[in-house]
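>>> Predicted structure and sequence below. I'll ask about it afterward.
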Amino acid sequence: MGTIRVVWGTASAPTEMSSYDAALADAGVENYNLVSVSSVIPSDAHVERVGTAPDLGPVGERLTVVEGRATVEEGPAAAGLAWATTADGKGLFYEASGRDRDAVREEVRAGLHTGMELRDWAFVDEGCEVVGAAPESGHTTALVLAVYGRSSPLL
């Protein structure tokens with residue numbers, strides 16, 4: 001059984017990229033190369049909310065993720081990730097972003113339920129994580145990531 005860890009972070013910094021990097025650091029995944037995938041959870045997976053990622057392998061390796069992310073120049077940022085799983089672990093994620101936490105929460109839940117209706121699966125568990133970041137100065141980023149397993153080599 002593989003573990004998918006849900007992590008999140010927020011940050012403000014002078015540039016869009018530095019804000020994103022700082023939010024990744026807040027989530028504990030700043031030293032990896034992220035590879036985004038669509039939102040299907042493989043069978044035998046276990047989704048676990050951890051907040052900040054543990055050590056997932058050597059610096060510079062690849063991490064497979066589903067990412068909800070908002071980066072804004074002024075004002076608040078919000079990002080969310082919702083998920084549903086079956087008894088055998090398969091399932092799906094739905095991600096959304098915006099400026100209002102409540103609106104993002106509604107969007108990820110609505111999207112998740114639509115995705116659930118598209119599949120002939122018996123879902124037994126649901127989860128949702130939404131984070132918001134108040135602007136400090138410069139750019140602000142809020143992100144929630146589902147990190148699949150551990151890192152793997154790029155070379």
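Perfect, thanks for sending it.
>>> And for stretch 144-155, what's in contact with it?
Stretch 144-155 is contacted by residues 2-8, 27, 29, 32-34, 37, 45, 47, 53, 56-58, 60-69, 79-81, 83, 93, 95, 129-131 when judged by CB atoms under 8 Å, 6 or more residues apart in numbering. Bear in mind the C-beta positions are built from the backbone N, C-alpha and C, glycine included.
>>> If we use 7 Å, what do you get?
Here stretch 144-155 makes contact (CB atoms under 7 Å, 6 or more residues apart in numbering) with 2-8, 27, 29, 32-33, 53, 56-58, 60-68, 79-81, 93, 129, 131.
>>> If any of the residues you listed are buried, give me the ChimeraX selection for them.
For the buried members of the contacts of stretch 144-155, the matching ChimeraX selection, counting by 16 or more other CB atoms under 10 Å, is:
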select :4,5,6,7,8,27,29,32,53,56,61,63,64,65,66,67,68,79,80,81,93,129,131
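>>> Tell me which of the contacts of stretch 144-155 fall in strands.
Among the contacts of stretch 144-155, the members found in strands (DSSP state E) are 2-8, 33, 62-68, 79-81, 93, 129, 131.
>>> buried stuff in stretch 36-49?
Buried residues in stretch 36-49 (16+ other CB under 10 Å): Ser39, Ile41, Ala45, Val47.
>>> gap between stretch 78-94 and the chain center?
Centre-to-centre, stretch 78-94 and its host chain are 11 Å apart (CA atoms, centre = their mean, to the nearest Å).
>>> What of stretch 98-114?
Relative to its chain's centre, stretch 98-114 lies at 13 Å (CA atoms, centre = their mean).
>>> so Asp102 sits in a helix?
Yes: assessed with DSSP: H, G, I helix; E, B strand; the rest coil, Asp102 lies in a helix.
>>> so who does it touch?
Per CB under 7 Å, 6+ apart, neighbours of Asp102: none.
>>> how close does it get to Gly132?
Using CB to CB, to the nearest Å, we find Asp102 at a distance of 9 Å from Gly132.
>>> Ser38 now?
Taken as CB to CB, the span from Ser38 to Gly132 is 25 Å.
>>> what are the pairing partners of the strand ranked longest in the chain, and which direction each?
Criterion DSSP E: the longest strand present in the chain is strand 139-152. Sheet pairing of strand 139-152 (DSSP bridges) gives strand 2-13 (antiparallel), strand 62-72 (antiparallel).
>>> Quick check: which ranges of this protein have low pLDDT?
1 (pLDDT under 70).
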